[in-house]
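**Q** sequence plus predicted model, see below.
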There are 2 protein chains.
Amino acid sequence: MGEFDLIERYFVRPTPRAVLGPGDDCALLALPPGQQLAVSCDLLLQGRHFLATVPPERLGHKALAVNLSDLAACGAQPLAFTLALSLPHADESFIAPLARGLLALADAHGIELVGGDTTAGPLSLCVTVLGQVPVGGALLRSGAQPGDLLWVSGSLGDARLALEVFRGRVALPAADFESVRLAMECPTPRVALGLSLRELATSAIDLSDGLLGDLGHILRRSRVGALLQHAALPHSATLAAQPPALRDECLLRGGDDYELLFTAPPARSEAVRAAAAAAGTPVTAIGTITAATGLVMVDAHGREQPLAARGYDHFA
Amino acid sequence: MGEFDLIERYFVRPTPRAVLGPGDDCALLALPPGQQLAVSCDLLLQGRHFLATVPPERLGHKALAVNLSDLAACGAQPLAFTLALSLPHADESFIAPLARGLLALADAHGIELVGGDTTAGPLSLCVTVLGQVPVGGALLRSGAQPGDLLWVSGSLGDARLALEVFRGRVALPAADFESVRLAMECPTPRVALGLSLRELATSAIDLSDGLLGDLGHILRRSRVGALLQHAALPHSATLAAQPPALRDECLLRGGDDYELLFTAPPARSEAVRAAAAAAGTPVTAIGTITAATGLVMVDAHGREQPLAARGYDHFA
């Protein structure tokens, strides 16, 4: 099967929302009046962002999910996306489920694949996602205020724990492994939560590089500090059962969580909880924004320890 | 040097046109009323789309140029772009000229890098470009009409000839090699020509996969055929000096030309020539669109030979 057949067969579908879908030099999209365009781009590379063991359907899901997560962090409504796909062989048994996973998530969010490129090469997926957000309405990293509560959605660290299992450093019972593996391979982008936080949160970011690193982005951009309550960090029973050093590594520096980290004034806490409930996404208050810069963690014994807010560095 | 430092140092610059540039979860862009968004995405992979011998400055240029060429083919005004970069090492001596070449072309078109991703991995560049075009004003592949003249910009086949030199199949004098190598490594996107053709052309495509293959896209989309005049195909003196079989392979199936192929009624020929002159881009009439489907080439002796309109297939 040739390249063009392959693309057409699995990836090209009707695109009623686009003015002009894939198959011309460009796709054309309309943006309603009063809306700004939100753009984000993520590259997933085998061996770096996913393992060869990932089922292709989950890989397709994840490539789009991590991009939708960026839109969620801006409070943007997903609109469309492009996909540049590099894969070693035009292998139908791989491409069909890959497309299925990708397009199922696209359908769930009512968005269309409007363009892309396919080439033979090492397996990688580059998605650029487009969204819309009312002019001036986007959630930014820069709006956190001293006194704000710091919130996080879902739970943290399971994706990293699964990675440690694949690395052979941890062994888990089969059911626990399946659960954390799902967190790693099939993250849920918090789009509905992001939209509902637009009027409530003062800042937001999605957690891709680990809690401390991504919190650091908010703190630097907002020129504030934070007091983080270690005991409040939401995590699974599986992660809770791990040795403390491993558990903390996963919780604080895990990466691949794709949860939303956001700040809001304490007076809006009930509204935040109501918005989260309406979005079907649990949220937890995990700390407070401080005027003093720097990141301090309050441990289980009430002791304060300063922390470095550093993320995962692909070249470190 | 870490990943974030690297990106910031070479790629992040002020983005006055964007509402919000790189450094948040998404970039935000405004689209003026009455405009549609044009989106295109191309992936360049070492060994497949460029050779290890390409100077990094030209590679940066080309990664953006091939995407701008897609906007040109739609008659869209470039607006912004994202870059996903995978590279083996955070090597400043490579990244600095790569960024310089990329951003110089961006500056020449008044557009900004608004987001992206960087990872360690095999060298590849994925650019998604955004442009704007008046509602209903885009050039499509589907509008060619019987009787239209078929035009092409610039000259054809030099990029492929350069590739054959790198492959060791052809030897050229140094000056000739430099000239065709520039065509391969440093193509000029025909943005100004595309904009000026918006009111004149009935269809357009950019030549990335070879004249016959890309012409085939126009013919299929427009449900027409074409009569191609072999003697009219514009090419360099260097290519003219090659053996006929090689010359024709480069001219007809070369790929990597990044010229515009377009159609327009004969009555607009003077206007087409004037638009091309204003854009500083030579154009040549190379054939006629026919009601009968299929592609026929008229050779140097006036003989008609049917041709298959096939492009380059990355998995063939």
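**A** Yes, it's here.
**Q** residues from the stretch 101-250 of chain A in reach of chain B?
**A** A:114-122, A:124, A:126, A:128, A:130-131, A:133, A:135, A:138, A:140-142, A:204-206, A:221 (CB under 8 Å from any CB of the partner chain). Where you see a C-beta, it was placed from the backbone N, CA and C, and this is true even at glycine.
**Q** keep only those of those residues that are in helices.
**A** A:Arg221 (DSSP state H).
**Q** what about the residues of the stretch 101-250 of chain A next to chain B, which are in strands?
**A** Counted as lying in strands by DSSP state E, out of these, are A:114-120, A:124, A:126, A:128, A:130-131, A:133, A:204-206.
**Q** just the buried residues of those residues.
**A** Buried subset of these (neighbour count, 16 or more other CB atoms under 10 Å in any protein chain shown): A:114-120, A:124, A:126, A:128, A:130-131, A:133, A:204-206.
**Q** state the pair within those residues that is farthest apart.
**A** A:Ala120 and A:Ala204 (38.6 Å; CB to CB).
**Q** and A:Pro32, how many neighbours?
**A** By the measure other CB atoms under 10 Å in any protein chain shown, the count of residues near A:Pro32 is 9.
**Q** distance-wise, check it relative to chain B.
**A** 10 Å (CB to the nearest CB, to the nearest Å).
**Q** pretty sure that residue contacts A:Pro134?
**A** No. Judged on CB atoms under 8 Å, A:Pro32 makes no contact with A:Pro134 at a distance of 9.6 Å.
**Q** can you pull the contacts of the closest residue in space to A:Arg160 that isn't next to it in sequence?
**A** Nearest non-adjacent residue to A:Arg160, counting by CB to CB, 6 or more residues apart in numbering or on different chains: A:Gly254, 3.2 Å away. A:Gly254 makes contact with A:Leu156, A:Gly157, A:Ala159, A:Arg160, A:Leu161, A:Gly210, A:Leu211, according to CB atoms under 8 Å, 6 or more residues apart in numbering or on different chains.
**Q** give me the pLDDT for the closest residue to the second one other than its chain neighbours.
**A** Looking back up the chat, that one is A:Gly157. Nearest residue to A:Gly157, sequence neighbours excluded (CB to CB, 6+ apart): A:Cys250, at 3.4 Å. Turning to A:Cys250, the model gives it a pLDDT of 97.
**Q** what average pLDDT does the top helix by length along chain A get?
**A** Longest helix in chain A, counting residues (DSSP H): helix A:56-74. Computed over helix A:56-74, the mean pLDDT rounds to 96.
**Q** spatially speaking, which residue is in the middle of chain A?
**A** A:Tyr258 (2.9 Å; CA atoms, centre = their mean).
**Q** give me the helix or strand of chain A that scores worst on average pLDDT.
**A** helix A:3-11 (a mean of 67; mean pLDDT, DSSP states H and E).
**Q** list the contacts for the residue nearest to the centre of chain A?
**A** Taking CB under 8 Å, 6+ apart, one finds A:Ala65, A:Val66, A:Ser69, A:Ala159, A:Pro187, A:Thr188, A:Pro189, A:Arg190, A:Asp206, A:Leu207, A:Ser208 in contact with A:Tyr258.
**Q** what's the lowest-pLDDT member of these?
**A** For the contacts of A:Tyr258, the least confident entry is A:Ser208, with 93.
**Q** quick one on the thing from earlier: which two of the contacts of A:Gly254 have the greatest separation?
**A** Taking CB to CB, no two of the contacts of A:Gly254 sit farther apart than A:Leu161 and A:Leu211, at 14.0 Å.
**Q** which among the contacts of A:Gly254 gets closest to chain B?
**A** Nearest to chain B out of these is A:Gly210 (CB to the nearest CB; 13.2 Å).
**Q** count the residues that sit near the closest one.
**A** 25.
**Q** check A:Leu29 too.
**A** Quick note: A:Leu29 (other CB under 10 Å) scores 25 neighbours.
**Q** pretty sure it sits against A:Val114.
**A** Yes. With contact defined as CB under 8 Å, A:Leu29 counts as touching A:Val114 (6.7 Å).
**Q** now do the strands in chain A.
**A** A:27-29, A:35-45, A:77-87, A:112-120, A:124-134, A:149-153, A:203-206, A:225-229, A:260-264, A:283-290, A:294-298, A:304-307.
**Q** make TSV out of those and add distance to B:Gly101.
**A** Shown next, in TSV, are those (distance: least, CB to CB, whole Å):
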stretch	distance to B:Gly101
strand A:27-29	27
strand A:35-45	20
strand A:77-87	20
strand A:112-120	20
strand A:124-134	20
strand A:149-153	41
strand A:203-206	31
strand A:225-229	40
strand A:260-264	36
strand A:283-290	42
strand A:294-298	39
strand A:304-307	40
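**Q** how far away is A:Cys186 from A:Gly131?
**A** 21 Å (CB to CB, to the nearest Å).
**Q** now stretch A:162-179, how far from the centre of its chain.
**A** With CA atoms, centre = their mean, to the nearest Å as the basis, stretch A:162-179 stands 21 Å off its chain's centre.
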